[in-house]
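Chemist: Model the structure of this input:
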Amino acid sequence: MHFLELPKLLADRQDDSLLQWGRFFRIRNEQELEDLAMSNPTMGQASDALWWVSNDPNSRQMVEMRELAQITHRITMAGARAEGKAEGVAEGAAKSILLVLAARGLSLTEEQRLRILDCTNAEQLNSWLQKAVTLTDISELFT
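Modeler: Modelled structure (predicted):
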């Protein structure tokens, strides 16, 4: 794999087609585009194609749809990461409760254990964890 850093293209090598394409992709204004298009027929064709695609309603709509899809994907992924993180925090808190209770020699029924493990409410889990540290009877945990 090769990388080409567009800002580092040499300005004095006008005949190199790779450099001309590099300049094409880093053009900042209409005058630069026009100058490049006049210097080489291929760049002129590329300039014409760019103009056509930029002004074609169907092409513009496709670009906008792609941009919208990319934005939607980023939002969806961010939501999925946040959801996964919250699930991990809840799972860790539930396991901490079970560890504290086990370390203190307090036994849970299978139903109670599942209730703790199935809980996804961070506030509830924190409340149970605080109680697990000080309670004397397991029945106090869920009150």
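
Chemist: Now do the buried residues in the lowest-mean-pLDDT helix or strand in the chain.
Modeler: Ranked by mean pLDDT, DSSP states H and E, the weakest helix or strand in the chain is helix 17-25, scoring a mean of 84. Of all the residues in helix 17-25, those buried under the rule 16 or more other CB atoms under 10 Å are 19, 20, 21, 22, 23, 24. Placement of C-beta: from N, CA and C, glycine included.

Chemist: and if you look at stretch 85-97?
Modeler: Buried residues in stretch 85-97 (16+ other CB under 10 Å): 90, 93, 94, 96, 97.

Chemist: My guess is the fourth one contacts residue 130. True?
Modeler: No - the pair residue 96 and residue 130 fails to qualify as a contact (CB atoms under 8 Å) at a distance of 10.9 Å.

Chemist: Let me know the secondary structure of residue 79.
Modeler: Here residue 79 is recorded as helix under DSSP: H, G, I helix; E, B strand; the rest coil.

Chemist: Can you name the residues that contact it?
Modeler: For residue 79, no residue meets the contact criterion (CB atoms under 8 Å, 6 or more residues apart in numbering).

Chemist: any idea how far residue 94 is from it?
Modeler: Noted for residue 79: a distance of 22 Å to residue 94, by CB to CB, to the nearest Å.

Chemist: what's the answer for residue 88, then?
Modeler: 11 Å.

Chemist: Residue 131 now?
Modeler: To residue 94, residue 131 is 14 Å away according to CB to CB.

Chemist: who are the neighbours in contact with residue 48?
Modeler: residue 37.

Chemist: For it, give me the pLDDT.
Modeler: In this model, residue 48 is scored at 90, pLDDT.

Chemist: tell me the SS of it?
Modeler: Residue 48 ends up helix, using three-state DSSP.

Chemist: how far away is it from residue 16?
Modeler: Distance, residue 48 to residue 16, using CB to CB: 22 Å.

Chemist: What of residue 43?
Modeler: From residue 43 over to residue 16 (counting by CB to CB), the distance is 12 Å.
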